[in-house]
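> Starting from these lines, generate the structure:
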Amino acid sequence: MSKKSSEDPRTIRARQAFQQALQDLLETMPYEKITVTDISRQSGRSRHTFYNHYDSKDELLNSMIDSILEGYFANIGPWLAVRRDSDGNIRIGQRFFEIWYERADVTKLLNKVDFDCLLIDRLKSHFAQYFDEYFPPKEVTGASDELIGFVVSLLAYSYAGVLRQWFLSDLRYTPEIMGRFLNHFAGAEHDTVIEAFKDVIR
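I've put the predicted structure just below:
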């Protein structure tokens, strides 16, 4: 998470400038060769200003990923916590791919980055927060921290893996098709999984 949480317009403009600079540089340079100096120069701002907002270029990249994921979870977070039918699960999966498709400018650039570990890390963080905010407390479900950790990891790795393969296909298939695919393999109800394993994984 970036250092400053202020919604001051200058802060927003600076972050947008750094994000755009990284996007511009990714058009012509591999991510691993891009430096904070490159990003600062491209943005027209100083390294000092960069470090007022981010600890590293990885954190800047994280912020770009988070901006997409936050939109997804804000849109469907409360709905994730209720029991749904198969069509509901598909719509949730479909929305995941739609939100990346809507940011195709970023998505295509991220495909040039070996960002799988970063994406998995961000997804795990967001799914863990979802369980904290929208799922009944452990005292009610009987789920252990370890069991929740397994569920979070399953979701994060499934979503990230399918998303990466979709990137590699150059977004050839519609979000609706991808939502159906994801639901087929990862659409089990979370409460059903927890109920089945709460006495096994402690």
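> Can you list the low-confidence ranges for the protein?
Counting by pLDDT under 70, the chain has low-confidence residues at 1-6, 77-89, 186-191.
> again, 50 this time
Counting by pLDDT under 50, the low-confidence segments of the chain come to 1-2.
> Tell me which residues touch residue 178, please.
By CB atoms under 8 Å, 6 or more residues apart in numbering, residue 178 lies in contact with 93, 94, 96, 97, 162, 166. Yep, even glycine has a C-beta here, placed from its N, CA and C like the rest.
> In this structure residue 37 contacts residue 46, no?
No: with contact defined as CB atoms under 8 Å, residue 37 does not reach residue 46; the gap is 10.0 Å.
> got the domain boundaries for the chain?
Split into domains by automatic domain parsing, the chain comes to 9-55, 58-197.
> how far does the last one stretch from start to finish?
If I follow you right, that is domain 58-197. 36 Å (CA to CA, to the nearest Å).
> what do you get for stretch 44-60?
Distance between the two ends of stretch 44-60: 16 Å, counting by CA to CA.
> Start the count at 3 instead of 1 going forward.
Done: numbering now begins at 3, and the last item shifts to stretch 46-62.
> and of the contacts of residue 180, the nearest to residue 43?
Within these, the smallest distance to residue 43 is 33.2 Å, found for residue 168 (CB to CB).
> buried sites along the helix or strand containing the closest one?
Following DSSP states H and E, one finds residue 168 within helix 147-170. Of the residues in helix 147-170, 149-150, 153-154, 157-166, 168-169 count as buried by neighbour count, 16 or more other CB atoms under 10 Å.
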